[in-house]
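> Requesting a structural model of the entry that follows:
(4 chains)
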There are 2 protein chains.
Amino acid sequence: MKKPEDPRLAATRNLALDAALDILQEDGVMAVTHASVSKATGVSRSTLYRHWPEIDRLRTETFKHAATPPHIPPKTNGPLRADLKWTLGRLMSALNETAWGEIAPQVIAAAATDQEARGLINDLMAERMTGVEAIFAAAEKRGEIPPDQSIRPIVEMTIAVPYFRKYINGEPLNEDWLDAHVELICSLAEKPEA
Amino acid sequence: MKKPEDPRLAATRNLALDAALDILQEDGVMAVTHASVSKATGVSRSTLYRHWPEIDRLRTETFKHAATPPHIPPKTNGPLRADLKWTLGRLMSALNETAWGEIAPQVIAAAATDQEARGLINDLMAERMTGVEAIFAAAEKRGEIPPDQSIRPIVEMTIAVPYFRKYINGEPLNEDWLDAHVELICSLAEKPEA
DNA sequence: ATTATATAGAACACATTGTTGTGTAGCGAT
DNA sequence: ATCGCTACACAACAATGTGTTCTATATAAT
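This next block holds a predicted model:
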């Protein structure tokens, strides 16, 4: 039915987005321009305009290009502390070490006005939230935490702190923080009365 | 000692920054240019360049211009729930209703690369943290919460959630959320064992 | 009134954004 | 192997933003 895509399109697209990501990490969003990407790749400027008629599209797709890596499947086999530490540890590593972690604040900023960036963030956060939610649900099933409390706000807190520290308050995410945070969250989830 | 400033300087500066803030809220950071501010105010473009030789300075000062309002002195006369609700309620209003709340994500974004923006955010967050810390310290003094636990991580959580919801996860801050959040934070602070 | 300086206005160079048109090269299908 | 389609390179172009420099005028401080 649908004809296969001309391989030249994908080749140019990947070449350009790889270079754009480098530029993004090196010099920030605003440095990603049709001209700079053209210069870095040898791809003609008019060709880049054909692929991304507006500069915002090019930048958003560069975000997407970088947003792919940090898929973090939650660990739910217990115990709760171990699951949380493992999953939050992977989140910490992703924020500290991947390209995505580096450019995330710029995507968050763009999300204020750009619908596509907003969608990216929303999808990512939904995935993070459901992941952590699964951890608590499993712990509840195992009887590690009381069954009648509402999980959602605790999940939100679990996720909110690392993002807040990293991207708003500018504080580091390290092992010490991770241990303390897991402990605090667990003590909240395990407390007898809601 | 220091000679008083020429009143023309302040007049031009305020005129320009007011207009720049309007433009910032209306069309985003990138719309704030020497040209756009000149057009909006009638102030000559060359004069604007005299005041802010680089566009980044103009934008950063526009941030500062908007960042002034939301000074939130904490209420610490107890009880804890009332203090928290009052103070977080004011924070919520500030984020929902002031110019600062509207442009904050753009400042947060800029903070990734711009030192001045980073400083603005840091100062603001330090004020927020010490404010909430004072609330818990007062509650501890009144014996409402156990004295031996470390307050800092709880303070961080208290603040992290509203900022995370508003600027990262894109969820609303409303009365329902406020009540639930205060309750959760209090139950964490009041629990017997650290 | 004199001096210093803030402002207005214009001319200039340069980069970025975005469009358009022409020719070339490569892909898929017959 | 040839054909048509289209991605691509290249060049010219307009509009806007960035930043500098110059002159003339207006205004504040003395």
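
> What residues does chain A have near DNA strand D?
Applying C-beta under 7 Å from any atom of the strand, we find that chain A lies next to DNA strand D at A:6, A:8-9, A:11-12, A:42-47, A:50-51. From N, CA and C alone the C-beta is placed, and that goes for glycine too.

> Columns distance to residue A:20 on top of those residues, output as TSV?
Below are these laid out as TSV (distance: C-beta to C-beta, whole Å):
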residue	distance to residue A:20
A:6	21
A:8	18
A:9	16
A:11	15
A:12	12
A:42	14
A:43	11
A:44	15
A:45	13
A:46	17
A:47	14
A:50	15
A:51	11
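
> so what secondary structure elements neighbour the biggest helix by length in chain A?
Scanning chain A for the longest helix, with DSSP state H as the assignment, gives helix A:115-141. Applying 3 or more C-beta pairs under 8 Å, 6 or more residues apart in numbering or on different chains; DSSP states H and E, one finds that helix A:115-141 contacts helix A:55-67, helix A:80-97, helix A:99-111, helix A:152-163.

> Next secondary structure after the shortest one?
Read that as helix A:152-163. Later in the chain than helix A:152-163, the nearest helix or strand by DSSP states H and E is helix A:175-190.

> in that next one, what's buried?
A:177-178, A:181-182, A:184-186, A:188-189 (16 or more other C-beta atoms under 10 Å in any protein chain shown).

> how close does the spatially most central residue of chain A get to residue B:168?
For chain A, residue A:124 is the residue whose C-alpha lies nearest the centre (C-alpha atoms, centre = their mean; 5.4 Å). According to C-beta to C-beta, to the nearest Å, residue A:124 and residue B:168 sit 10 Å apart.

> With residue A:118 instead?
11 Å.

> more neighbours, the two?
residue B:168 (25 against 16; other C-beta atoms under 10 Å in any protein chain shown).

> show me what contacts residue A:109?
B:105-106, B:108-110, B:112 (C-beta atoms under 8 Å, 6 or more residues apart in numbering or on different chains).

> what's the answer for residue A:83, then?
By C-beta under 8 Å, 6+ apart, the neighbours of residue A:83 are A:74-77, A:135, A:138-139.

> what's the closest non-adjacent residue to residue A:179?
residue A:85 (7.5 Å; C-beta to C-beta, 6 or more residues apart in numbering or on different chains).

> Now the closest residue to chain B within chain A: closest residue in space that isn't a chain neighbour?
With C-beta to the nearest C-beta as the measure, residue A:109 is the residue of chain A nearest to chain B, at 2.3 Å. Of all residues not flanking residue A:109 in the chain, residue B:109 sits nearest, at 2.3 Å (C-beta to C-beta, 6+ apart).

> and if you look at residue A:12?
In this structure, residue A:12 finds its nearest non-sequential neighbour in residue A:43, 5.7 Å apart by C-beta to C-beta, 6+ apart.

> That neighbour: neighbour count?
What residue A:43 shows, counting by other C-beta under 10 Å, is a neighbour count of 19.

> What mean pLDDT does the one helix or strand residue A:25 maps to get?
Assessed by DSSP H and E, residue A:25 sits inside helix A:7-27. Helix A:7-27 shows a mean pLDDT of 88.

> got it, and stretch A:134-149?
On average, stretch A:134-149 scores 86.

> from the chain's centre, how far out does that stretch sit?
When C-alpha coordinates are averaged (C-alpha atoms, centre = their mean, to the nearest Å), stretch A:134-149 and its chain have centres 26 Å apart.
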